[in-house]
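Chemist: Fold the stuff below for me.
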Amino acid sequence: MADDRPIILWFRRDLRLADHPALAEAAQSGRPVIPLFILDEVAEGHGAAPKWRLGLGVEHFAARLEALGSRLILRRGRALEVLREVIAATGAGAVYWSRLYDPQAVARDTGVKAALKEQGIEARSFAGHLLFEPWTVETGQGGYYRVYTPFWKAVQGRDPGAPLPAPTRLRAPQGWPDSDASADWRMGAAMQRGASVVARHVRVGEQAAQERLAAFLDGPVHDYAAARDFPARPATSRLSENLTYGEIGPRAIWHAAQRARQEGGRGAETFLKELVWREFAYHLIHHSPQIASRNWRDGWERFPWSADADAPQVLAWKQGRTGVEFVDAAMREMYVTGTMHNRARMIAASYLTKHLLVHWRIGQRWFEECLIDWDPAANALGWQWVAGCGPDAAPYFRVFNPDTQAAKFDKSRAYRDAWIAEGRRRPADTALSFFRAVPRSWGIRPEDPYPAPVVGLAEGRARALAAYRDRDF
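Modeler: Below is the predicted model:
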């Protein structure tokens, strides 16, 4: 007889119905499907902003499943323990999930798969988070790519497969297991008063992601190659928020952008390259998981970065009070919107790791705390690339000058004026929102004088270049 025991569909960073291989397989099996989200040991460790945003995504996705006549079971605890409890309560014979590739998720999933199989439970992981599985893209010598451009050339002509349609029905089990209430989890507690400010800028869910993609490909994509570096312009897709929680799959973006490219969208290829940069980050974290927490290049342990996360200069950087307007605008944009323009991320990261000579891990952890689009692979690669110790980082000694960058990419001052209130007669509402979002304990007010630079740009650059020149590696 065919196995008719329920399948537990374990959702994590894949909160969508369309182009979901694990979901499609479970639905096509004809067996009862029990969707499950676990606030487990990995999710509990998320920073304030990504944990809050994940909670919003889970609540939204639960409503989507209810529209299919299904429901999302919520449980809190260690993943393996919860799965075993739900298996015991439902008689489930299988657990399906979408693969993840960061070290924490891999360690968790490897242990879960081995334990369930030993218990006689079918345990299957599926693709869906990436365009191409990391072990399917190799150099001519059989290794993995360490430089982006050859990686792009290797995958640009590949077909990742057509996106799968969303199922129209999921067979329900005879009885549903108990579920927690998401409100009891208080996933946004650490956001404190910042949640109400950032909430105005989030776009949650699969439909919102698809609308964002359509709007971008309908217009901004044409000027994307040139305009994407200007942080005050609405020139980017803003899909990073949705991609990180799997509210849209990369294959859907790939195929839509390819169609735009074929139809004459001038910036579509550049946009595809950015999507593949995300792919590159995940391939690297799969093949060299140390990139998440240690210098990727050998010898950088001796570089004279400061590891004092409580130093006054670090606090000034975190508070957007360095006295360097482009850097401060970038940090303030993050506190108000939960995201930061990519050009601004590079400037803020370069200033911390080079002008201030602060270890990139301090910045990496702070972004993990504050970004709603935090992604474990992209965040690690981005920080190491800017700091100089990561893959594809040559010339590692490049020091971005924030004032020069501002003159080039914010000549009209629109970006800086949007986020900095001090000294302005009529500050923008976005600039004032920063003071409503940040902790009261910081004690900063819009009427305060704008600070003097914590380090002169010429002085900081000279110090950074001397450190690179005198490096012992």
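Chemist: list the contacts for the residue nearest to G194 when sequence neighbours are not counted?
Modeler: Excluding the flanking residues, the one nearest G194 by Cβ to Cβ, 6 or more residues apart in numbering is A437, at 4.3 Å. (Each C-beta comes from the backbone N, C-alpha and C, glycine too.) Counting by Cβ atoms under 8 Å, 6 or more residues apart in numbering, A437 makes contact with 193-194, 197-198, 335-336.
Chemist: L17: which of those is nearest?
Modeler: Set against L17, the nearest of the contacts of A437 by Cβ to Cβ is V198 (25.8 Å).
Chemist: give me phi/psi at that closest one?
Modeler: Per-residue torsions, V198: phi -70, psi -30 (degrees, to the nearest 10).
Chemist: For the closest residue to it other than its chain neighbours, give me its contacts.
Modeler: Spatial nearest neighbour of V198, chain neighbours left out: G338 (4.4 Å); criterion: Cβ to Cβ, 6+ apart. For G338, the contact set (Cβ under 8 Å, 6+ apart) comprises 49, 53, 198, 201-202, 241, 370-373.
Chemist: rerun at 7 Å
Modeler: Contact analysis of G338 by Cβ atoms under 7 Å, 6 or more residues apart in numbering lists 49, 53, 198, 201-202, 371-372.
Chemist: give me the element I362 is part of.
Modeler: If you go by DSSP states H and E, I362 is part of helix 360-370.
Chemist: so the helix or strand just after that helix versus helix 360-370, what angle?
Modeler: Helices and strands here follow DSSP H and E; after helix 360-370, the next one along the chain is helix 376-387. Counting by axes from the mean of the first three to the mean of the last three Cα atoms, to 10 degrees, helix 376-387 lies at 140 degrees to helix 360-370.
Chemist: Following the chain onward from helix 376-387, which element is next?
Modeler: Note on helix 376-387: by DSSP H and E, the next helix or strand toward the C-terminus is helix 402-409.
Chemist: hmm, who's touching that following helix?
Modeler: 229-231, 324-327, 343, 347, 351, 416, 457.
Chemist: ok, which stretches of the protein are strands?
Modeler: 7-11, 33-39, 73-76, 94-98, 122-126 (DSSP state E).
Chemist: so what are the domain limits for this protein?
Modeler: 1-128, 130-162+194-287, 300-469 (automatic domain parsing).
Chemist: for the record, mean pLDDT for the first one?
Modeler: Domain 1-128 shows a mean pLDDT of 97 in the predicted model.
Chemist: Please give the centre-to-centre distance between that domain and its chain.
Modeler: Domain 1-128 sits 20 Å away from the centroid of its parent chain (Cα atoms, centre = their mean, to the nearest Å).
Chemist: Please save the CA atoms from stretch 274-285 in CSV.
Modeler: Listed next in CSV are the C-alpha coordinates belonging to stretch 274-285 (Å, rounded to 0.1, in the frame of the first residue of the first chain):
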residue,chain,number,x,y,z
GLU,A,274,23.7,41.6,-8.7
LEU,A,275,21.4,38.5,-8.3
VAL,A,276,24.4,36.3,-9.1
TRP,A,277,26.5,38.2,-6.6
ARG,A,278,24.1,36.9,-3.9
GLU,A,279,24.5,33.4,-5.5
PHE,A,280,28.3,33.8,-5.3
ALA,A,281,28.1,34.6,-1.6
TYR,A,282,26.2,31.4,-0.9
HIS,A,283,28.6,29.3,-3.0
LEU,A,284,31.4,30.7,-1.0
ILE,A,285,29.8,30.1,2.4
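Chemist: can you give me the offset of that stretch from its chain's centre?
Modeler: Chain-centre distance of stretch 274-285: 12 Å, with Cα atoms, centre = their mean.
Chemist: any idea of the pLDDT on the residue nearest to G194?
Modeler: A437 is assigned a pLDDT of 97 by the prediction.
Chemist: swap in the one 5 residues further on?
Modeler: At W442, the predicted lDDT confidence score is 96.
Chemist: Now do it against F435, distance only.
Modeler: To F435, W442 is 9 Å away according to Cβ to Cβ, to the nearest Å.
Chemist: Please say which of these two ends up with more neighbours.
Modeler: More crowded of W442 and F435, by other Cβ atoms under 10 Å: F435, with 21 against 13.
Chemist: Do I have it right that that one meets P446?
Modeler: Yes. Counting by Cβ atoms under 7 Å, P446 is a contact partner of F435 at 5.3 Å.
Chemist: what residues are up against L54?
Modeler: Remark: with contacts taken as Cβ under 7 Å, 6+ apart, L54 is in contact with 43, 46, 187, 245.
Chemist: Quickly name whichever of the contacts of G338 is closest to D19.
Modeler: Set against D19, the nearest of these by Cβ to Cβ is R53 (21.0 Å).
Chemist: Leaving out chain neighbours, which residue sits closest to that closest one?
Modeler: Excluding its sequence neighbours, the residue lying closest to R53 (Cβ to Cβ, 6+ apart) is I372, at 4.0 Å.
Chemist: quick one: the residue most central in space within the chain and T244, what's the gap?
Modeler: Centroid-nearest residue in the chain, with Cα atoms, centre = their mean: D375, separated by 2.5 Å. Distance of D375 to T244, computed by Cβ to Cβ: 5 Å.
Chemist: and E422, how many neighbours?
Modeler: Using other Cβ under 10 Å, E422 has 17 other residues around it.
Chemist: so it touches R445, yeah?
Modeler: No. Counting by Cβ under 7 Å, E422 stays clear of R445, with 8.8 Å between them.
Chemist: Can you report how many residues lie near Q384?
Modeler: Number of residues near Q384 (other Cβ under 10 Å) recorded here: 28.
Chemist: Who are the contact partners of it?
Modeler: Contacts for Q384 (Cβ under 7 Å, 6+ apart) come out as 291, 296, 360, 390, 393.
Chemist: Repeat the analysis, applying 8 Å as the threshold.
Modeler: Counting by Cβ under 8 Å, 6+ apart, Q384 touches 291, 295-296, 360, 390-391, 393.
Chemist: if I look at F435 and P446, which residues touch both of them?
Modeler: Contact criterion Cβ under 8 Å, 6+ apart; residues shared by F435 and P446: A421.
Chemist: hmm, back to that, so which of the contacts of G338 would you say is closest to A462?
Modeler: Closest approach to A462 among the contacts of G338 (Cβ to Cβ): L371, at 31.0 Å.
Chemist: what's the nearest residue to the closest one if we skip its chain neighbours?
Modeler: Nearest to L371 is A49, by Cβ to Cβ, 6+ apart, at 5.8 Å.
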